[in-house]
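K.L.:
what follows is a predicted structure for the sequence shown.
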Amino acid sequence: MRVLRAGLGSTGQSPSLRREHGWIRTSRIQGWNRLCVDEARISVAVRTTCGLDLPIFTLITLFDISTGTRNWHASIPPSEYLGNLGCIDQWKNRSIRPSTRSTAISAFAYRIHSLCSLWAEEWDFTLNAIESELEVELLRFASVWIRESVDDLRTVVEVLKEKHFSLEEKKNNPQVSFLPDSPEAQRAALEVFRQNWEIVLSHHQKLADGLLGRIAKKQEEVNSLREGLFTATAVSEATKSKQLNHYILVFTVVTIFYLPLSFVALFSWDDPNQKTSFVITLVVVAGTTYGFAGYLIWFVQAPERRQAAKEKAQRVKSMGNLFK
């Protein structure tokens, strides 16, 4: 099972493990100005006999990181999650049953079921660290790795079923089969195998769904934030455009104000013969220009007047089409 651990310093893993590792520059988080990202894995392996009704097996659990409490974010030391294979009550609490020859496989399921809670708690801490720094890009990796852990466990179950709990495989290669010889015992062993792994898979899937749901919610929040920022940017640009239009309007008014005076400047004030033309230009042209400009300013400043004029123009156009 893979875990993306973020927020603490490097775990100092051996390079031979070939784990993902890196640093991400962020704002300060709990005193650090860089967010450390480490891949960690929790591995379970079993080695067992196949042909004995009371099998001899070895169950091994490996942690990439020291199991000291300070190295993990879980509420209790990781070793406490292993469970006690000799405690009947713990088997009952997990609803997992041993089954003669396949007892080792049941113990394998028991151990994975026990470690799912540690896996989920580590992911929960990582998501908290990501959320505190809004490192949204890490959420994509987190969701991929969580789904990979679920898929990997399902693949393990399918391989066990095909190689060690298949009636056809028992006929072809009986030395690797965990199935007993009698048909009744075979059916019982298959049922125990199915029930045990259904419990483990459903438990793991439930924890994964909770984590994935949290990631999806955070991604929706980020998308909403982005949409809000885009909307705010659009409103800001619209406001700037409106202000620019006001500046253009002022410039236009000033230009119109000086336009009649430019006509007046064309006349010679010392020539009595141009007195009549001067009066006409000063009164008629200036008055007409100022009146028309004032009307346009009054008309443009009110959106409802523009809309009413547009509707009136459409009605006139419609009436014109009727007479065609």
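P.N.:
Cool, got the structure.
K.L.:
after the helix or strand containing residue 130 comes which helix or strand?
P.N.:
Per DSSP states H and E: residue 130 is located in helix 103-133. Downstream of helix 103-133, the first helix or strand assigned by DSSP H and E is helix 136-164.
K.L.:
biggest strand in this protein by residues?
P.N.:
strand 32-48 (DSSP state E).
K.L.:
following element in sequence after that one, please.
P.N.:
Beyond strand 32-48 toward the C-terminal end (DSSP H and E), the next one is strand 57-63.
K.L.:
what's the domain layout of the protein?
P.N.:
Domain assignment for the chain, taken from automatic domain parsing, gives 2-232, 266-322.
K.L.:
any idea which of those scores lowest on pLDDT?
P.N.:
Here the lowest mean pLDDT among the domains of the chain goes to domain 266-322, at a mean of 68.
K.L.:
what comes up buried for the helix or strand that contains residue 169?
P.N.:
Take DSSP H and E as the rule and residue 169 turns out to sit in helix 167-172. By 16 or more other C-beta atoms under 10 Å, the buried positions in helix 167-172 come out as 169, 170. (Glycine included, C-beta is placed from N, CA and C.)
K.L.:
repeat for stretch 196-205
P.N.:
196, 197, 199, 200, 201, 203, 204.
K.L.:
take those and keep only those in helices.
P.N.:
196, 197, 199, 200, 201, 203, 204 (DSSP state H).
K.L.:
run a quick neighbour tally on the nearest residue to residue 120 once chain neighbours are set aside.
P.N.:
Nearest residue to residue 120, sequence neighbours excluded (C-beta to C-beta, 6 or more residues apart in numbering): residue 207, at 4.1 Å. When neighbours are defined as other C-beta atoms under 10 Å, residue 207 has 20 of them.
K.L.:
state whether residue 207 is indeed within a strand.
P.N.:
No: applying DSSP: H, G, I helix; E, B strand; the rest coil, one finds residue 207 to be helix, outside a strand.
K.L.:
related to what we said a few turns ago, need the ones in helices among the buried residues of stretch 196-205 in JSON lines (columns: distance to residue 91).
P.N.:
Output for those, formatted as JSON lines (distance: C-beta to C-beta, whole Å):
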{"residue": "196", "distance to residue 91": "10"}
{"residue": "197", "distance to residue 91": "15"}
{"residue": "199", "distance to residue 91": "11"}
{"residue": "200", "distance to residue 91": "13"}
{"residue": "201", "distance to residue 91": "18"}
{"residue": "203", "distance to residue 91": "14"}
{"residue": "204", "distance to residue 91": "18"}
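K.L.:
which among those residues gets closest to residue 255?
P.N.:
residue 204 (75.4 Å; C-beta to C-beta).
K.L.:
just to check, the closest one is in contact with residue 152?
P.N.:
No: Residue 204 is beyond contact range of residue 152, at 10.2 Å (criterion: C-beta atoms under 8 Å).
K.L.:
list the buried residues of the helix holding residue 130.
P.N.:
Of all the residues in helix 103-133, those buried under the rule 16+ other C-beta under 10 Å are 103-116, 118-123, 125-127, 129-131, 133.
K.L.:
show me what that helix packs onto, helices and strands only.
P.N.:
Contacts defined by 3 or more C-beta pairs under 8 Å, 6 or more residues apart in numbering; DSSP states H and E place helix 103-133 against strand 2-6, strand 21-29, strand 32-48, strand 57-63, helix 88-94, helix 136-164, helix 183-264.
K.L.:
now do 6 Å
P.N.:
For helix 103-133, the elements it packs on are strand 2-6, strand 21-29, strand 32-48, helix 183-264, judged by 3 or more C-beta pairs under 6 Å, 6 or more residues apart in numbering; DSSP states H and E.
K.L.:
give me the angle between the last one and helix 103-133.
P.N.:
Note on geometry: by axes from the mean of the first three to the mean of the last three C-alpha atoms, to 10 degrees, helix 183-264 and helix 103-133 are set 10 degrees apart in direction.
K.L.:
renumber starting at 554 from here on
P.N.:
Right, with 554 as the first residue, what we last looked at is helix 736-817.
K.L.:
what is helix 736-817 packed up against?
P.N.:
Identification of packing neighbours for helix 736-817 by 3+ C-beta pairs under 6 Å, 6+ apart yields helix 656-686, helix 689-717, helix 839-854.
K.L.:
how about the nearest residue to residue 652, chain neighbours excluded?
P.N.:
residue 745 (3.9 Å).
K.L.:
where's the one you found relative to residue 733, distance?
P.N.:
According to C-beta to C-beta, to the nearest Å, residue 745 stands 11 Å off from residue 733.
K.L.:
could you do residue 798 as well?
P.N.:
Distance from residue 798 to residue 733, by C-beta to C-beta: 88 Å.
K.L.:
residue 776 too?
P.N.:
Using C-beta to C-beta, residue 776 is found at 55 Å from residue 733.
K.L.:
who has more neighbours, those two?
P.N.:
Neighbours per residue, other C-beta under 10 Å: of residue 776 and residue 733, the larger number sits with residue 733, 18 against 11.
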